[in-house]
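Peer 1: Quick one: sequence plus predicted model below, questions after.
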Amino acid sequence: MSSHGNPIPMISSPCGALSGVAEVPGDKSISHRSLILGALAVGETTITGLLEGQDVLDTAKAMRAFGAEVTDHGGGSWSVHGVGVGGFAEPESVIDCGNSGTGVRLIMGAMATSPITATFFGDASLNGRPMARVTDPLTLFGCQAVGRAGGRLPMTLVGAKDPVPVRYEVPVPSAQVKSAVLLAGLNAPGQTVVIEAEATRDHTERMLRGFGAEVSVEETEAGRTITLTGQPELRPQHIEVPRDPSSAAFPVCAALIVPGSDVLVPGIGLNPTRAGLFTSLQEMGADLTFENLREEGGEPVADLRARYSPQMKGIEVPPERAASMIDEYPVLSVVAANAKGETVMRGVKELRVKESDRIEAMATGLRANGVEVSDGPDWWTVTGCGPGEVPGGALCASQLDHRIAMSFLILGMAAKAPVRVDDGGPIATSFPIFEPLMAGLGSDLQREEA
């Protein structure tokens, strides 16, 4: 069952060349942070290009529940009249974060150092995901967290009345954990320090500076060290959200494996902490070009052109690249299935605690479609069938995971036989225009009777 309604079975059939312009939605990570930081600023923040997927809409509702005035002006244009750092009001009811791990973890951080209480829950997938990785460091500020066994939602947080600054070493690479700690540090006196052994997406640091917070980043022997000076008055901003590289991954990867394809994806954010997929694809031999390189809102942006690439070969993706492409491994495995040779992905244990166990979900579905896959706790290997040689023909379980559903639908576009997914409903959480966008490029996606 999808997170917000009945299952939506879908089928993706082999199609002709994909061509045209794919205008993917705004970046999800930046959209979440725009709403949250806007709510913590004093005055009105305006946003254009906001991703209006369910995950982000749930964050907008949460900011309203904490007292911010959040207005949808239509066409991706929004405004947030913030309440200031430490100004969150206690919500009158529980906070429903739907399917969004990013949303719930960042919101927990933002409220953890205010003297209020809030209860969080989500859909079946989110309620099964571990939250202790975030609540453990938040308790260091003086926050209390009570949830189900294993640190799972529903969970109640009692914010710290007298928060103290924290120095925290992130045990595993996680932009969500890092960001939650930094957001909590906003309302703590003194300096909060976060140390990460491997760099993760840095939108939070960039955007905090843009809103007027004092944030420094330096490389030390301990790792990448981020220092935030607490209790600033955040200034409202105008934010132009770049298009999401994680969403762009789907039309890009489809173009690489469907014969004759040539697709342009304009205005894609190319933050170096997010661009690992495109580097990996180029190493495989993908025909990718970056046009009109520029900077928008402090983020590097370009127009990305992808063409059919039958010459692609398997590679070993370096473990240190995982943080910059963690959400893209499922669709990379689809490309790998259409390449020649083995693609090895290591250092990816984070995939096992996403919206689903993404390694298990992709390995099971790929095997059902005739692709050889081997896997372990933090690695997996896909042996490519070669261009156009994936047998296909199977029904795959999306596991309430939007990226799993979209990845198998991309697989069906280049397989010998159609590929089905049991539920495409979760796609709306991050890429609500996926179906019409891919249809406009020439794909053959259909909804089936449940």
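Peer 2: Looks like it arrived, so ask away.
Peer 1: List the buried residues of stretch 125-136.
Peer 2: With burial defined by 16 or more other C-beta atoms under 10 Å, the residues of stretch 125-136 counted as buried are 125-129, 131, 133-135. Placement of C-beta: from N, CA and C, glycine included.
Peer 1: my bad, stretch 289-301
Peer 2: 290, 297, 299-301.
Peer 1: State the mean pLDDT of that stretch.
Peer 2: Mean pLDDT, computed over stretch 289-301, is 86.
Peer 1: Could you report the neighbour count for S93?
Peer 2: Using other C-beta atoms under 10 Å, S93 is surrounded by 8 other residues.
Peer 1: tell me the SS of it?
Peer 2: Counting by DSSP: H, G, I helix; E, B strand; the rest coil, the backbone at S93 sits in coil.
Peer 1: So what does it look like in phi/psi?
Peer 2: Per-residue torsions, S93: phi -140, psi 180 (degrees, to the nearest 10).
Peer 1: What about the nearest residue to it once chain neighbours are set aside, how many residues nearby?
Peer 2: Once flanking residues are discounted, S93 sits nearest to A65: 7.2 Å by C-beta to C-beta, 6 or more residues apart in numbering. A65: 20 surrounding residues under other C-beta under 10 Å.
Peer 1: quick revisit: give me the subset of the buried residues of stretch 125-136 lying in helices.
Peer 2: 125-127, 133-135 (DSSP state H).
Peer 1: Could you dump these into a markdown table with pLDDT and distance to P432 added?
Peer 2: Below are these laid out as a markdown table (pLDDT from 0 to 100; distance: C-beta to C-beta, whole Å):
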| residue | pLDDT | distance to P432 |
| --- | --- | --- |
| S125 | 89 | 18 |
| L126 | 93 | 18 |
| N127 | 95 | 23 |
| R133 | 93 | 28 |
| V134 | 96 | 27 |
| T135 | 97 | 30 |
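Peer 1: Between these, which sits nearest Y329?
Peer 2: Using C-beta to C-beta, the shortest approach to Y329 within those belongs to S125, at 17.6 Å.
Peer 1: and the closest residue to that closest one other than its chain neighbours, how many residues sit next to it?
Peer 2: Closest residue to S125 apart from its sequence neighbours, by C-beta to C-beta, 6+ apart: L400 at 4.0 Å. Look at L400: counted by other C-beta under 10 Å, it has 24 neighbours.
Peer 1: you'd agree L400 is in a strand?
Peer 2: No: counting by three-state DSSP, one finds L400 to be coil, located in no strand.
Peer 1: Tell me the backbone dihedrals of it, please.
Peer 2: As for L400, its main-chain torsions (degrees, to the nearest 10) stand at phi 60, psi 30.
Peer 1: hey, where'd the helices end up in this structure?
Peer 2: 28-40, 54-65, 101-111, 124-127, 132-140, 175-185, 203-210, 245-257, 276-284, 329-337, 358-368, 402-414, 434-441.
Peer 1: What is the fourth one packed up against?
Peer 2: Secondary-structure packing of helix 124-127 (3 or more C-beta pairs under 8 Å, 6 or more residues apart in numbering; DSSP states H and E): strand 152-158.
Peer 1: partners of the strand it packs on, with directions?
Peer 2: strand 117-121 (antiparallel), strand 144-148 (antiparallel) (DSSP bridges).
Peer 1: Tell me which of those strands approaches P436 most closely.
Peer 2: Minimum separation from P436 across those (C-beta to C-beta) falls at strand 117-121, 31.3 Å.
Peer 1: buried stuff in the closest one?
Peer 2: Buried residues in strand 117-121, defined by neighbour count with 16+ other C-beta under 10 Å: 118-121.
Peer 1: what angle do it and helix 54-65 make?
Peer 2: 160 degrees (axes from the mean of the first three to the mean of the last three C-alpha atoms, to 10 degrees).
Peer 1: can you list the weak-confidence ranges in the stretch 201-350 of the chain?
Peer 2: 297 (pLDDT under 70).
Peer 1: Strands of that one, start to end?
Peer 2: Per DSSP state E, counting those that start in this stretch, the stretch 201-350 of the chain carries strands over the ranges 215-220, 223-229, 238-240, 262-269, 287-296, 299-307, 316-317, 340-346.
Peer 1: In JSON lines, list those along with distance to P189.
Peer 2: Listed next are those as JSON lines, based on distance: least, C-beta to C-beta, whole Å:
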{"stretch": "strand 215-220", "distance to P189": "16"}
{"stretch": "strand 223-229", "distance to P189": "9"}
{"stretch": "strand 238-240", "distance to P189": "28"}
{"stretch": "strand 262-269", "distance to P189": "34"}
{"stretch": "strand 287-296", "distance to P189": "34"}
{"stretch": "strand 299-307", "distance to P189": "31"}
{"stretch": "strand 316-317", "distance to P189": "42"}
{"stretch": "strand 340-346", "distance to P189": "42"}
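Peer 1: Nearest to A39, out of those?
Peer 2: Closest to A39 of these, according to C-beta to C-beta: strand 238-240, at 12.9 Å.
Peer 1: packing partners for the closest one?
Peer 2: The contact analysis (3+ C-beta pairs under 8 Å, 6+ apart) places strand 238-240 against helix 28-40, strand 42-48.
Peer 1: Now with 7 Å, please.
Peer 2: In this structure, strand 238-240 packs against strand 42-48, with contacts taken as 3 or more C-beta pairs under 7 Å, 6 or more residues apart in numbering; DSSP states H and E.
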